[in-house]
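Visitor: Show me how the following folds:
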Amino acid sequence: MTLGGKEGPGHVGAPMDQETETAMYIGFQDADRYHHRSSGAATRVDVMMRPEHDPISGEPSGDDPYDYDNEKLPRRDKVSGLFFFVTSWILFLQGISGMSGLAVSYFYKNTLLAQPATLTMVESFTSLPWTIKPIYGFLSDGWPIMGYRRRPYLIIAGVIGFVAWAVMATIVNDIWFGAAMMFIASMGLAVSNVIAEGMIVEKSRGESQEYASHLQAVVHGAQAVGGIIAAYFGGLILSYLADRHVFLLVSFLPLSLIIVGMISPEKRFAGDVTAIRQDMGGKLRELFETFQQPMIFRPAMFIFFLNATPATGSTWFYFYTGVLGFSSTFMGTINVVGAVFSLGGVVLFGKYLSTMPYRPILIWSTIISTLFGLSQLLLVFGLNRQMGIPDGFFCLGESAILSVLGWINTMPILVLAARLCPEGMEATMYALIMSICNLGGVVG
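Guide: Below is the predicted model of the structure:
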């Protein structure tokens, strides 16, 4: 499932005059309300993490002993069309990059003669860059390059993604050499994802649940559209092109990140970079304190354990193609249906569920997903045919329902994480939460 820059020093542990300047900058006219850390009371993290209602239960926020009146940070900048284009394109690119998915599976099965267990291990290995996203966020937040925290990292991500897929298309003839290249390509995509998420979080932090939901729905809608295109053409082009040709085609997609990085609406960082880098320990403490907040920790653990449930992995691909005899075109059709209904899940959440309490959404979507997930046993034992349901139709329906429920289950966590990230650590905090969720998927 984030993220422009901000001027001025805003790090914990800065000299008092710098902190006072930052407090005045973000809208607290009474600087004393910003300096409660020394007394052990509320901190600026607490202020930014106090939504108007508990997003999990929907109940009003608790008592406000320091009379903050549940204030939110002021919306300093109007969200521009360029902002939406940059963040949406990055997420769209993430979706359309899935065009290589079927080609990779067939490449490992037919060209490299990999067994299902081996391909599952390779896919888990290439997913690891998504579990260390806090490292990219930490570098982006704390190590500006030439005065920018986002632009250079997008350009770097584009270059390494292009190189990795170009090598896959021309040189790779070994299972683990291919895994290494896909690991690098996955890392480039994960870095760009962290940057986009950081930009979104900067706009969502302290805002209303409905406003943050709108931002998330727009950019993840773009990701779903990219997924639809990838799913449709991913299966179709394999009927006309070899898998290596698909890799070469996909290699040009990351190059668009170079252009996106150059036009990204980011202000040049004007703070004291040396002081920020010296205070990395303070930032890590703040990160830890923020993650301990129940409104972040509990939902993150919920999604981790949900994703950590055992998954079939690549075995399902071998079952579809080897046992059921599905062609690459029909495999693409299944992915198209899943991608279309993923977009439906994003739209459904943004239009009807964005203002609802999250607890019933998470509970009921999980229960229904579990029931439909068990329906795969009907397919494995052929019971669907005894019920008069063809294998292909059954798989299409299952893909549609689980895709909708999956996004309805995920969107509340994305919105919640975006609203509660502390200032100056936007990309890092959000990346930490998402990495925990991704780690659950790797474990599963």
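Visitor: ok, now which ones touch P299?
Guide: Shown in contact with P299 (C-beta atoms under 8 Å, 6 or more residues apart in numbering): I56, Y358, L362, P412, I413, L416. Placement of C-beta: from N, CA and C, glycine included.
Visitor: For the second one, which non-adjacent residue is closest in space?
Guide: So the one you mean is Y358. Distance criterion C-beta to C-beta, 6 or more residues apart in numbering; nearest residue to Y358, sequence neighbours excluded, is P412 at 4.2 Å.
Visitor: circling back: by neighbour count, which of the contacts of P299 wins?
Guide: Counting neighbours by other C-beta atoms under 10 Å, P412 leads the contacts of P299 with 26 neighbours.
Visitor: how far away is that residue from Y430?
Guide: Applying C-beta to C-beta, to the nearest Å, the value for P412 to Y430 is 14 Å.
Visitor: for P144, same thing?
Guide: 18 Å.
Visitor: Compare these two (neighbour count), which wins?
Guide: Y430 (29 against 22).
Visitor: So which of the contacts of P299 are in strands?
Guide: Judged by DSSP state E, the contacts of P299 include no members of strands.
Visitor: neighbouring contacts of the strand or helix carrying V336?
Guide: Here V336 sits within helix 328-348, counting by DSSP states H and E. Residues outside helix 328-348 that contact it (C-beta under 8 Å, 6+ apart): 95, 98, 101-102, 106, 217, 220-221, 224-225, 227-228, 230-236, 238-239, 317, 320-321, 326, 392, 395-396, 399-408, 411.
Visitor: can you pull the pLDDT of the residue nearest to W165 when sequence neighbours are not counted?
Guide: Take W165 and drop its neighbours on the chain: the residue closest to it by C-beta to C-beta, 6+ apart is S251, 3.5 Å away. pLDDT recorded at S251 is 93.
Visitor: before we move on, what about the one 4 residues further on?
Guide: Each residue has a pLDDT score; the one for L255 is 93.
Visitor: which residues touch it?
Guide: Counted by C-beta under 8 Å, 6+ apart, L255 has contacts G158, F162.
Visitor: Repeat that for F288.
Guide: F288 neighbours (C-beta under 8 Å, 6+ apart): none.
Visitor: How about the one 3 residues further on?
Guide: With contacts taken as C-beta under 8 Å, 6+ apart, F291 has the following neighbours: F297, A300, M429, L432, I433.
Visitor: any idea how far P134 is from it?
Guide: From F291 to P134 the distance is 10 Å (C-beta to C-beta).
Visitor: Overlap in contacts, these two.
Guide: L432.
Visitor: quick one: pLDDT of D67?
Guide: Note for D67: predicted pLDDT of 41.
Visitor: Check L420 too.
Guide: Here the pLDDT value assigned to L420 is 63.
Visitor: possible to save the contacts of F291 as JSON lines with pLDDT, secondary structure and neighbour count?
Guide: As requested, the contacts of F291 are exported to JSON lines (pLDDT from 0 to 100; DSSP: H, G, I helix; E, B strand; the rest coil; neighbours: other C-beta atoms under 10 Å):
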{"residue": "F297", "pLDDT": "78", "secondary structure": "helix", "neighbour count": "14"}
{"residue": "A300", "pLDDT": "76", "secondary structure": "helix", "neighbour count": "21"}
{"residue": "M429", "pLDDT": "69", "secondary structure": "helix", "neighbour count": "31"}
{"residue": "L432", "pLDDT": "76", "secondary structure": "helix", "neighbour count": "23"}
{"residue": "I433", "pLDDT": "74", "secondary structure": "helix", "neighbour count": "29"}
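Visitor: Surely R150 is in contact with E266?
Guide: Yes - with contact defined as C-beta atoms under 8 Å, R150 counts as touching E266 (5.0 Å).
Visitor: Compare those two (neighbour count), which wins?
Guide: Regarding R150 and E266, a neighbour count based on other C-beta under 10 Å identifies R150 as having more, with 27 against 22.
Visitor: Wait, A157 touches I184, no?
Guide: No - the pair A157 / I184 is not scored as a contact, 10.6 Å apart, by C-beta under 8 Å.
Visitor: Of the two, give the one with the bigger neighbour count.
Guide: Legend: neighbour count by other C-beta under 10 Å for A157 and I184, higher for A157 (27 against 19).
Visitor: So what touches the helix or strand hosting the more buried one?
Guide: Per DSSP H and E: A157 is located in helix 151-170. Helix 151-170 is contacted from outside by 90, 100, 136, 139-140, 145-146, 178, 181-182, 184-185, 187-189, 191-192, 195, 244-245, 247-248, 250-258, 260-262, 264, 266, using C-beta under 8 Å, 6+ apart.
Visitor: which of the residues you listed are buried?
Guide: 90, 100, 136, 139-140, 178, 181-182, 184-185, 187-189, 191-192, 195, 244, 247, 250-251, 253-254, 256-258, 260-261, 264, 266 (16 or more other C-beta atoms under 10 Å).
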